[in-house]
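Quick one, what's the 3D model for this:
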Amino acid sequence: MKARLTLFGIISLLLVGIFIAGCGGEKYDKNVQLVRNGTLKMNPNVPIGKAFDQFFANGKWKSFTSTENKSVVEFNGDCSWYNAPAKMTIQFIIVEENAFNLEYVGINDVAMNLFESTGIVEKVLSEYKK
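Numbers count the residues shown, from 1 in each chain. Below you'll find the predicted structure:
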């Protein structure tokens, strides 16, 4: 009986640990936090995360390692594009421990060129209101 209780206790602790680790998500991801709390040279006074939260609906952040072994932080959110609902994907590459670059902007799975990408992100940042 005592062995069953011990086994039950161990399994319970493991499940709680898995639950806590699985629910941490973007809140505890250091790369996501680096980008969310960071700024870009185009508008160095605006935190990216706050501007994105204000501009996009249903925003989600995640980080992953690309097939080229690069650390990527990806944002996905809903917005309006030419007066129609759209899904926006924006990716940043971590280039150093505390530095990142804008890498990709896509709308409805269509990649934008560098000029369009910069313009879109600049618009999002410039519309941020404290």
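
my read is Phe100 is in a strand, agree?
Yes. Under DSSP: H, G, I helix; E, B strand; the rest coil, Phe100 falls within a strand.

Now the nearest residue to it once chain neighbours are set aside: which helix or strand?
In space, and not counting its chain neighbours, Phe100 is closest to Phe92: 4.5 Å by CB to CB, 6 or more residues apart in numbering. Where C-beta positions appear, they are placed from N, C-alpha and C, glycine not excepted. Element membership for Phe92 (DSSP states H and E) is strand 84-96.

same deal with Val35?
Here Val35 is assigned to helix 30-37, by DSSP H and E.

Kindly report the same for Cys79.
strand 71-81.

And for that strand, what's in contact with it?
31-32, 34-35, 52, 55-66, 85-94, 100, 103, 107-108 (CB atoms under 8 Å, 6 or more residues apart in numbering).

What average pLDDT does that strand get?
Here strand 71-81 scores 97 as its mean pLDDT.

That one pairs with which strands?
strand 57-65 (antiparallel), strand 84-96 (antiparallel) (DSSP bridges).

Looking at those, which is nearest to Lys41?
strand 84-96 (13.2 Å; CB to CB).

ok so, going back, what are the buried residues along the strand holding Phe92?
Of the residues in strand 84-96, 88-94 count as buried by neighbour count, 16 or more other CB atoms under 10 Å.
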